[in-house]
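Participant: Predicted model and sequence follow; I will ask about them next.
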Amino acid sequence: MTANPEQRRKERLDRGIKVRSDGIYALMSWRELCYLVLPRLVLIVGMLILPLVVPIYWQKVVSYVCIYALLTLSFDFLAHFVGLVSLGGAFFIGIGSYLAAILNTSFGLPPLLTIPAATILGAFICTLLLIPCLPLRGVYFAIVTLMYPLLLIRVIEALDIFGGTDGIVGVTSFTNHYFIIIMVLLFLFGLRRLVNQDLGLVLRAVKDNDQAVRASGMSITYYKTIAVFIGSAMGCLGGAYLAHIYMWAGLSSFALDFSILPIAATVIGGAGTLVGPVLGAFILVPLSEWLRDFGTLRIVIYAVILLLFIVIRSEGLMVYSQRKYHQFEKWIKV
Amino acid sequence: MSATPILQVNQVTKSFGGIFALNEVSFDLHEGEILGIIGPNGSGKTTLVNCITGFIELTSGEVLFRGKVISGKPAHKIADMGITRTFQIMRPYYSLPAYKNLVIPLFAPRAKRTGGWRGGGKLGDRNTVSIDILEEMGFERESFVPYKMASNLPTGYLKRLELARCLALSPEIIICDEVFSGLSMSEIASMVPLMERLQMEGITLIMIEHRLRELFRVANRIMVLNFGEKLMEGTAEEVMADEKVKEAYFGSEEVEEVMEHA
């Protein structure tokens, strides 16, 4: 319409330094090297000094944040790079917790052995249970992954196994913030690397267009299985660590919070960026902890903040800031 | 032509809830030839491709590849044996650049096994090999076209990308589902020699087409489908001269004309 001659739109251009530092030429100047390294350094250093600067009460929250960060990473990886929308956070955490607790109390393994063992073994169990559901896509897969924890809670309750409703008590205490922080960083940078390698490309192709992957002579179920294994390993690691923080594994290890919060964190942080969801977890978990002072109003404030994020910045913080970092923006007349 | 056909389709029937999309279709495909399949809309051409490549299950009948039954196997196993297909509605990986699209088939077990300049691994990494294949398919190596996002490529290049995806597996048979449709005349003119070169390299081709003139130029044999049944099979001249084929293609309009005059 020509009624409004003052219509403007935003024009975006990549910064020169971004284009230059895409290639290996970035190594030729300090400025370009800094441009590349600085954001990563801020994240790594920021996370490493976190246990040193936060007050005593918040020390424990650091570990919770990292467990949620692992879950959001797993969610973002499965949903945006493999096309499996998984609400299995509670499932993974529960399996990991119970396994670590059983290995610790019944077999007497120390935490440094139970955590890796529960991670690998738990990922195997989760993957085995999810394999029959792998042909499902989208919301159907989400429903199935949401059902498993509910199912397992009732099974444990009804059969009174693994301590029944009381859970497994007497798990050895193990709290080391650096352990879980380094795990988050390892998985974060590992996944970022993986999705750009050939195997990662195949996984992204499964999301983009699974028929073409079948036509290329590759079994999509096989690649989905690999992805689910990686995703559930992250969740089980978090669960195993959680069991050692709580010194207990019980029915609330299957709490739905573990499935829901990753979605919210991914929305806030920016879907498909991997870093964004971690950032989202670092915002949401302390926020919900801080809001405890408000009592029952907590959920209201929480919901309003989420709503504002979705309405105003639905693309997510990370996508927004990446754009600001890499591109010029200016208003031009249409 | 060799004695035993590379692909035998025996009495293939596919019914969707009582409606026969394919009714006892049989044909042989000999090594190194180009078989054209034509037919009006809805005559079951794409269903036939889906049946051969395992994307849908047959109701009855069987498909043999080099004398071995392949019908009933999953699609990726059949592709792994060397029977590849293009899709009528192009299915590139839109979020990836064109050359990265080919990294995916090059990662497949068959591509790893067959090796060679097409297989990846032996001659540089998959990115290099995929650019080689794209160049063969008419993507200019020195230009920025192979590096463009697949979502920004025009139809002509997407069709070539589909073919390149098949070639990356160093296939024995390529089934082309309407590679000419949606292309301009000049784009088709540049595709035709491509198909002829594939044949010279020893790849057997099945081409499903609506562009009869170009198809008749490259195909050795033509098969006509109508309402899921095989009408006839023969050379281009025989097909053109056949009354049943004329009826299938033009019959409906003739009937309409008659109705108007009546």
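Facilitator: Yep, it's here.
Participant: for the helix or strand of chain A with the lowest mean pLDDT, which positions count as buried?
Facilitator: In chain A, no helix or strand scores lower on mean pLDDT, DSSP states H and E than helix A:16-21, which sits at a mean of 74. Neighbour counts over helix A:16-21 (16 or more other C-beta atoms under 10 Å in any protein chain shown) mark A:17-18, A:20-21 as buried. In short, each C-beta sits where N, CA and C put it, glycine included.
Participant: just stretch B:171-185 next, same as before
Facilitator: B:171-180, B:182-183.
Participant: Next: stretch B:190-199.
Facilitator: Buried residues in stretch B:190-199 (16+ other C-beta under 10 Å): B:191, B:195, B:198-199.
Participant: Restricting to C-alpha, output stretch B:6-24 in CSV.
Facilitator: Provided in CSV are the C-alpha atoms of stretch B:6-24 (Å, rounded to 0.1, in the frame of the first residue of the first chain):
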residue,chain,number,x,y,z
ILE,B,6,18.9,-56.8,-13.8
LEU,B,7,15.4,-56.1,-12.4
GLN,B,8,12.4,-58.2,-12.8
VAL,B,9,9.0,-57.0,-11.7
ASN,B,10,6.5,-59.8,-11.5
GLN,B,11,2.7,-59.3,-11.2
VAL,B,12,3.1,-56.4,-8.8
THR,B,13,-0.2,-55.4,-7.2
LYS,B,14,-0.8,-52.6,-4.8
SER,B,15,-4.2,-51.8,-3.5
PHE,B,16,-5.1,-48.9,-1.2
GLY,B,17,-8.2,-50.1,0.6
GLY,B,18,-9.7,-51.9,-2.3
ILE,B,19,-8.6,-49.4,-5.0
PHE,B,20,-6.0,-50.9,-7.2
ALA,B,21,-3.2,-48.4,-7.7
LEU,B,22,-1.2,-51.1,-9.5
ASN,B,23,-2.8,-54.3,-10.9
GLU,B,24,-0.5,-57.1,-11.9
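Participant: which is the next helix or strand following the least confident helix or strand of chain A?
Facilitator: Following helix A:16-21 in sequence order, the next helix or strand is helix A:30-53 (DSSP states H and E).
Participant: ok and the residue in the stretch 151-262 of chain B nearest chain A?
Facilitator: Taking C-beta to the nearest C-beta, chain A has its nearest neighbour within the stretch 151-262 of chain B at residue B:169, 5.8 Å off.
Participant: and that residue, that one's in a helix?
Facilitator: No. Counting by DSSP: H, G, I helix; E, B strand; the rest coil, residue B:169 falls outside a helix, being coil.
Participant: Residue A:177 and residue A:89, how far apart?
Facilitator: Separation of residue A:177 from residue A:89 (C-beta to C-beta, to the nearest Å) stands at 21 Å.
Participant: In terms of neighbours, single out the busier of these two.
Facilitator: residue A:89 (34 against 19; other C-beta atoms under 10 Å in any protein chain shown).
Participant: quick one: strands adjacent to whichever strand or helix holds residue A:331?
Facilitator: Element membership for residue A:331 (DSSP H and E) is strand A:327-333. Here strand A:327-333 has these sheet partners by DSSP bridges: strand A:8-14 (antiparallel).
Participant: Give me the contacts around the strand it pairs with.
Facilitator: A:323, A:326-334 (C-beta atoms under 8 Å, 6 or more residues apart in numbering or on different chains).
Participant: Phi, psi for residue A:173 please.
Facilitator: Here is the backbone geometry of residue A:173 (degrees, to the nearest 10): phi -80, psi 140.
Participant: Would you agree it is in contact with residue A:248?
Facilitator: No. Counting by C-beta atoms under 8 Å, residue A:173 does not reach residue A:248; the two are 10.2 Å apart.
Participant: coming back round to it: which of the contacts of strand A:8-14 are buried?
Facilitator: Buried, going by 16+ other C-beta under 10 Å: residue A:326, out of the contacts of strand A:8-14.
Participant: What about the closest residue to residue A:301 other than its chain neighbours? Give its phi and psi, please.
Facilitator: Once flanking residues are discounted, residue A:301 sits nearest to residue A:291: 5.6 Å by C-beta to C-beta, 6 or more residues apart in numbering or on different chains. Note on residue A:291: its backbone torsions stand at phi -70, psi -10 [degrees, to the nearest 10].
Participant: do the same with residue B:174
Facilitator: phi -120, psi 130.
Participant: mind listing what it touches?
Facilitator: Residue B:174 neighbours (C-beta under 8 Å, 6+ apart): B:84-86, B:163, B:166-167, B:198, B:203-206.
Participant: check those against chain A, which are close?
Facilitator: Among the contacts of residue B:174, the ones lying close to chain A by the criterion of C-beta under 8 Å from any C-beta of the partner chain are B:84-85, B:166.
Participant: burial count for residue B:34?
Facilitator: Residue B:34, neighbours per other C-beta under 10 Å, totals 22.
Participant: should've said residue B:68
Facilitator: 9.
Participant: And for residue A:315?
Facilitator: Residue A:315 - counted by other C-beta under 10 Å - has 15 other residues nearby.
Participant: Surely it and residue A:272 touch.
Facilitator: No. Residue A:315 lies out of contact with residue A:272 (C-beta under 8 Å); the separation is 10.2 Å.
Participant: Now residue A:204: closest residue in space that isn't a chain neighbour?
Facilitator: In space, residue A:204 is closest to residue A:81, 5.5 Å off (C-beta to C-beta, 6+ apart).
Participant: List the contacts of that neighbour.
Facilitator: Residue A:81 is in contact with A:195, A:200, A:203-204, A:207, A:227, A:272, counting by C-beta under 8 Å, 6+ apart.
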